[in-house]
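A.B. asks: Any chance you can model this:
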Amino acid sequence: MKCKVCGAESGKYPLCKECNKKKEAGEIIKCPQCQKWHYVNVPCIEEKEVAGVNDQFLYELKYSLVTRTEMEYLSCIKTVLPENYLVQAQANLASFIVRTDDSRFQNELYRNVDFIITDLDYRPLVVIEINDQTHNTKDRRDRDKKVANICEEAGIPIIKLWTSYGVNQEYIKKRITETLSSLPVKRVHHFVKEKAPEKHISPVQTTEIPTGKKNGCYIATCVYGSYDCPQVWTLRRFRDSNLRRSWFGCIFIKVYYAVSPVLVKMFGDKKLFKALGKKCLDVLILWLQAKGIEDTPYTDVR
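C.D. replies: Okay, the predicted model is just below:
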């Protein structure tokens, strides 16, 4: 069940734990007029109607852009925020992040974050998310992971503050100060930039297969959908600059080019094959990039 006031998970009760404490303190009541739970200083439905609000309107203003809990954090953030910085509530990803390809659909950017810190020129610097127990559900974890990956690729860090720890001013000040002092942060690839299909490729062909037996990265190309993308550039550069320089690496390359075309032919169109392959390759590529293997455009060594 969702809390009748803040919308958080409340189990079998009408109010969550935090709202129940506020009820005990007299801040939240079950209104005798509208029979709904709300803060004592929030007008109930009957009072709105008396004030002339027509309940037949399809759209109506929210009481506030932020919840009561978010307001407590916002007040604290404003107090500890260094000079020459601003904080804004309920920022849409699309308002400070753009895609670099020509994709017509950018639904993943139509998500809100709780707060964003900017400089005086409104340049986005840091995202702050206020997480309660609802963020432990699978759907919210998936959503939060997507947002984190988008922000990490765009180069903007996220500070996550959990409501279970309360509003700790010293801790919040430390997190904000440390994050601002660490800017700019290193960007990390999480997504493959979509390309317009080549004219000579059949409309039903979705995976680019490299030409040339000796230089193809068959499995990586199958997984990432292109022979020329940052992930495959990293692997090709590692192959030529590291693996080819040792006898073990040369043997591995020969075995790979003997086995990988067969695997791609047999399983290349299977979602499970691509999902498992991507999961393994992502770990390897991040490790290689941490070791200094670049992901810039690369031409194979012939």
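A.B. asks: so where is the protein shaky, pLDDT-wise?
C.D. replies: Within the chain, the segments meeting pLDDT under 70 span 44-55, 194-216, 302.
A.B. asks: Got the domain ranges for it?
C.D. replies: For the chain, the domain assignment from automatic domain parsing gives the residue ranges 1-61, 68-181, 218-290.
A.B. asks: any idea which residue sits dead centre in this protein?
C.D. replies: V147 (1.6 Å; CA atoms, centre = their mean).
A.B. asks: residue contacts, the nearest residue to that one once chain neighbours are set aside?
C.D. replies: Once flanking residues are discounted, V147 sits nearest to R111: 5.8 Å by CB to CB, 6 or more residues apart in numbering. No exception for glycine: its C-beta is placed from N, CA and C like everyone else's. By CB atoms under 8 Å, 6 or more residues apart in numbering, the contact set of R111 is N92, L93, R143, K146, V147.
A.B. asks: what does K186 give?
C.D. replies: By CB under 8 Å, 6+ apart, the contact list for K186 reads G155.
A.B. asks: Neighbours of I158, how many?
C.D. replies: 15 (other CB atoms under 10 Å).
A.B. asks: now it, nearest residue through space, not along the chain?
C.D. replies: Of all residues not flanking I158 in the chain, V127 sits nearest, at 4.6 Å (CB to CB, 6+ apart).
A.B. asks: Assumed that neighbour was part of a helix.
C.D. replies: No: using DSSP: H, G, I helix; E, B strand; the rest coil, the assignment for V127 is strand, not a helix.
A.B. asks: for this structure, what spans make up the helices?
C.D. replies: In the chain, the helices defined using DSSP state H lie at 17-24, 45-50, 68-80, 93-96, 138-154, 169-181, 218-224, 230-241, 247-267, 271-290.
A.B. asks: any chance of the ones you listed in CSV, with distance to C6 too?
C.D. replies: Listed next are the helices of the chain as CSV, based on distance: least, CB to CB, whole Å:
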stretch, distance to C6
helix 17-24, 6
helix 45-50, 18
helix 68-80, 7
helix 93-96, 23
helix 138-154, 14
helix 169-181, 20
helix 218-224, 42
helix 230-241, 41
helix 247-267, 47
helix 271-290, 36
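A.B. asks: Highest mean neighbour count out of those helices?
C.D. replies: Ranked by mean neighbour count, the helices of the chain are led by helix 218-224 with a mean of 24 (mean count of other CB atoms under 10 Å).
A.B. asks: Now for T296: which residues touch it?
C.D. replies: Counted by CB under 8 Å, 6+ apart, T296 has contacts P230, W233.
A.B. asks: Quick check: the gap between it and I77.
C.D. replies: Distance of T296 to I77, computed by CB to CB, to the nearest Å: 38 Å.
A.B. asks: Same question for K254.
C.D. replies: Noted for K254: a distance of 58 Å to I77, by CB to CB.
A.B. asks: And for L180?
C.D. replies: Counting by CB to CB, the separation of L180 from I77 is 12 Å.
A.B. asks: Check N84 too.
C.D. replies: N84 is 15 Å from I77, by CB to CB.
A.B. asks: Ok, C280 next?
C.D. replies: According to CB to CB, C280 stands 40 Å off from I77.
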